[in-house]
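Undergrad: have a look at this fold, sequence not included:
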């Protein structure tokens, strides 16, 4: 990225499907009680890291779990909960026909495909879905537009694609990086750090 930037990334709070190990993809699953707590905690972490958070633009995936997380994070630090923009490019990776299933289910019903994915998580395309490589291309224009400071509330897959696009994390590593809920991932001029 040519322009200096600081991106404060918050992953949505936990959902029941996260807790059950179900692939959510683009299904509109709400955050659960733990997720609501994590959203508030992420807001407080953000404020400690960036006291100017209230003056920054907030850009949010349009799925309900991310909007609810953004609203709760903003409310926790005294901001208007509704003052954010939506960007459909930040939707989670699509797992297509696999959404709603657990990996345990898929290893039983589609063992060959599950093994193919394990061999190349970055390029594997689930039936009717998209690969991490495709997701990275979907959000590349967003990443290329980054300048200045902003807050993004999105998904684990989006964070992994941003690690690849913004911080040079390899396509072998990025799909397996743990993306925490209730914390803030700071991207700044080619580097990243968890807070």
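TA: Thanks, I have the structure now. In this text the structure is predicted, and so the values were computed from the model without any measurement.
Undergrad: do you know how far residue 123 is from residue 60?
TA: Taking Cβ to Cβ, to the nearest Å as the criterion, residue 123 is separated from residue 60 by 28 Å. In short, each C-beta sits where N, CA and C put it, glycine included.
Undergrad: neighbour count: those two, which is higher?
TA: Residue environment comparison for residue 123 versus residue 60 gives the larger neighbour count to residue 60, 24 against 14, counting by other Cβ atoms under 10 Å.
Undergrad: tell me where the chain has helices.
TA: Per DSSP state H, the chain carries helices over the ranges 16-20, 33-49, 64-76, 103-109, 111-119, 132-144, 156-167.
Undergrad: residues in contact with the fourth one?
TA: The reference is to helix 103-109. Helix 103-109 has contacts (Cβ atoms under 8 Å, 6 or more residues apart in numbering) with 21, 23, 98, 101, 113, 114.
Undergrad: check the shortest one too.
TA: The contact list for helix 16-20, computed with Cβ under 8 Å, 6+ apart, reads 23, 24, 27, 29, 32, 34, 35, 100, 102, 181.
Undergrad: wait, residue 96 sits on residue 134?
TA: No. The pair residue 96 / residue 134 is not scored as a contact, 11.2 Å apart, by Cβ atoms under 8 Å.
Undergrad: quick one on the thing from earlier: out of the contacts of helix 16-20, which are buried?
TA: Buried positions within these, assessed by neighbour count (16 or more other Cβ atoms under 10 Å), are 23, 24, 27, 29, 32, 34, 35, 181.
Undergrad: can you tell me the closest non-neighbouring residue to the residue nearest to the spatial centre of the chain?
TA: Among the residues of the chain, the smallest C-alpha distance to the mean C-alpha position (Cα atoms, centre = their mean) belongs to residue 155, namely 1.9 Å. The shortest distance from residue 155 to any residue other than its chain neighbours is 3.8 Å, reached at residue 92 (Cβ to Cβ, 6 or more residues apart in numbering).
Undergrad: any idea how many residues pack against that neighbour?
TA: Around residue 92 there are 23 other residues, counting by other Cβ under 10 Å.
Undergrad: again with the one 5 residues further on
TA: Using other Cβ under 10 Å, residue 97 has 14 other residues around it.
Undergrad: distance to residue 78 and pLDDT added to the contacts of helix 16-20, as TSV?
TA: TSV is the format used below for the contacts of helix 16-20 (distance: Cβ to Cβ, whole Å; pLDDT from 0 to 100):
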residue	distance to residue 78	pLDDT
23	35	97
24	30	97
27	32	97
29	28	97
32	24	98
34	23	98
35	21	98
100	37	97
102	39	96
181	22	96
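Undergrad: which one of the buried ones among the contacts of helix 16-20 is nearest to residue 149?
TA: Closest approach to residue 149 among the buried ones among the contacts of helix 16-20 (Cβ to Cβ): residue 181, at 22.2 Å.
Undergrad: tell me the spacing between the closest one and residue 41.
TA: When distances are taken as Cβ to Cβ, residue 181 and residue 41 turn out to be 9 Å apart.
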